[in-house]
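**Student:** From the sequence below, what's the structure:
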Amino acid sequence: MSVSLLRSRLAATGLKSVPRSTCPSRNSLRTSIPRRYNSSSAGSSGGGFKVAAYSTALAAALYASYYYTTDTRAFVHRYVVPPLLRTVVPDAEDAHHLGVTALKLLYEVGLNPRERDAAANSSSLSATVFEHQLANPIGISAGLDKDGEIPDALFALGAGVVEVGGCTPLPQEGNPKPRVFRVPILDGMVNRYGLNSKGADDMAIRLRDRLRRFARSIGVTEEEIISGEAGVPVGSLKPGRILAVQIAKNKETNEKDEQAIASDYVYCTKRLARYADVLVVNVSSPNTPGLRDLQAAEPLTRLLAAVVDEASRTDRKVRPKVMVKVSPDEDEDSQMEGIVQAVQKSGVDGIIVGNTTKRRTGLNPKGAKLSVREQKALMETGGYSGPAMFDRTLDLVGRYRKMLDSQPSDGKGEQKVLFATGGITNGEQALKVLNAGASVAMVYTGLVYGGVGTVTRMKKEMRDAL
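**Tutor:** Numbering: from 1, shown residues only. Now for the predicted structure:
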């Protein structure tokens, strides 16, 4: 069809052709749509602000949660975690292992509970012990960290002294399970672990590696720390703290063979003295046959002299001190005088008073009603520990202090040091044993029932009382 014909038909119908130039193009249609860029930009800004606000709030909440849960003073550490652990983990030994594992893992990732109280180590609590200026006189007893796996996590709880072990020369399983029993109504425990240990070689490697990691972290050599040039105690690796390592004999070592027994302790000394500020000779565990017989004056003197001699050969500038841990059940004057005599003659530096007890009298002074399970637990074979031990500990500390001070000096001119352990659960009790002649008050079972904030709480109670 020709263009002229098309135009004539359009004219006949009254329609007009639209000039090509007046038809809206596709591009012009696009541009005629109202743009929303400005309003979309405002929405994005508002959304971004909300995301930032939520992120900041979440970060603040997480930090507050972290700060709270890693503070030893937190409510949960005393009133939630210990009772919950007893409920969720009925077996006391399983709970013990879980607690150690948890502290170890949390410490490795920086989420462990720690003392945040700025006043916790005020000068009012400082004490000089074995030429170390301790930040405070509270210690954690051996048995909690049997193999030296978490000394730093325990120091973080605020203790001035941490004692690891007991460690035997060769690995041993200890006694058959079950071997740990709770008596919650008395805040007490009965254990017959039997000095289960991974052995002296294992602990020595672990403590050596710990020392080397620390040396690398501060840019010094292992030998500079050992020689004292780094300015920190060789054992604790922390100013104002000391690490004690407890040693013992293997169960299978003939209890009648004094030479074999001495060899056990000497071997442990050779392997571990290099990494300890204090070596503790355990002759008082009630769960190793014949061990407490070593507390008689003559055999104890020979044993302690052998350990002191080996410790003096330790390849470092300052040798570790040596203490002996004695039983609370050897409480007759003649028995105590024999121990004091052995300490003086052998050159041992001090005594830790005491350990768990085999006795079952006087453990429920308030007449609390025990459940059937608690009655059974209390009568299990093994050593009892708990608050009921405190009065006996206080009495023994006073008597040992008097006996030690009245005995002829060993020629060193230094007063023998006493550490007290047994039934101590609060600051008032700690002050009592310190005033009775101890230099350090130690806790274990009190920590089990009172939680990881026990040491911090005790120190606050002590400061408030001074």
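**Student:** Quick check: which ranges of the stretch 301-450 of the chain have low pLDDT?
**Tutor:** Across the stretch 301-450 of the chain, the ranges flagged by pLDDT under 70 are 409-413.
**Student:** in it, which spans are strands?
**Tutor:** Secondary structure of the stretch 301-450 of the chain (DSSP state E, counting those that start in this stretch): strands at 321-326, 350-353, 383-385, 417-421, 440-443.
**Student:** In CSV, list those strands along with distance to residue 310 and mean neighbour count.
**Tutor:** (C-beta placed from N, C-alpha, C; glycine too.) Shown next, in CSV, are these (distance: least, C-beta to C-beta, whole Å; neighbours: other C-beta atoms under 10 Å):
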stretch, distance to residue 310, mean neighbour count
strand 321-326, 9, 26
strand 350-353, 18, 29
strand 383-385, 28, 24
strand 417-421, 20, 26
strand 440-443, 24, 27
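**Student:** how about these, which one is nearest residue 456?
**Tutor:** Minimum separation from residue 456 across those (C-beta to C-beta) falls at strand 440-443, 11.7 Å.
**Student:** Show me what the closest one pairs with in its sheet, parallel or antiparallel.
**Tutor:** In the sheet, strand 440-443 lines up against strand 138-140 (parallel), strand 417-421 (parallel) (DSSP bridges).
**Student:** could you point out which element follows the first one?
**Tutor:** For strand 138-140, the succeeding helix or strand toward the C-terminus, using DSSP states H and E, is helix 151-155.
**Student:** Dump the strands of the stretch 301-450 of the chain into a markdown table; add distance to residue 240 as well.
**Tutor:** Converted to a markdown table, the strands of the stretch 301-450 of the chain look like this (distance: least, C-beta to C-beta, whole Å):
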| stretch | distance to residue 240 |
| --- | --- |
| strand 321-326 | 16 |
| strand 350-353 | 19 |
| strand 383-385 | 27 |
| strand 417-421 | 17 |
| strand 440-443 | 13 |
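**Student:** Run through the residues that contact residue 71.
**Tutor:** Neighbour list for residue 71: 113, 114, 116 [criterion: C-beta atoms under 8 Å, 6 or more residues apart in numbering].
**Student:** Please identify which of the residues you listed is nearest to residue 260.
**Tutor:** Among the contacts of residue 71, and counting by C-beta to C-beta, the member closest to residue 260 is residue 113, at 42.4 Å.
**Student:** Now that that closest one has come up, it's in contact with residue 73, right?
**Tutor:** No - under the criterion of C-beta atoms under 8 Å, residue 113 is not in contact with residue 73, lying 9.5 Å apart.
**Student:** between those two, what contacts are shared?
**Tutor:** With C-beta under 8 Å, 6+ apart, residue 113 and residue 73 have common neighbours residue 453.
**Student:** Who has more neighbours out of those two?
**Tutor:** Neighbours per residue, other C-beta atoms under 10 Å: of residue 113 and residue 73, the larger number sits with residue 113, 26 against 16.
**Student:** residue contacts, that one?
**Tutor:** Neighbours of residue 113 in contact, by C-beta under 8 Å, 6+ apart: 69, 70, 71, 72, 74, 77, 103, 106, 156, 157, 452, 453.
**Student:** likewise residue 355?
**Tutor:** Listed by C-beta under 8 Å, 6+ apart, the contact set of residue 355 reads 282, 284, 285, 286, 325, 326, 327, 328, 383, 421, 422.
**Student:** With residue 301 instead?
**Tutor:** Applying C-beta under 8 Å, 6+ apart, we find residue 301 in contact with 341, 342, 345, 346.
**Student:** Try it again at 6 Å.
**Tutor:** Counting by C-beta atoms under 6 Å, 6 or more residues apart in numbering, residue 301 touches 342, 345, 346.
**Student:** Redo these as CSV? Include neighbour count and distance to residue 191.
**Tutor:** Compiled in CSV, the contacts of residue 301 are given as follows (neighbours: other C-beta atoms under 10 Å; distance: C-beta to C-beta, whole Å):
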residue, neighbour count, distance to residue 191
342, 26, 27
345, 18, 32
346, 22, 29
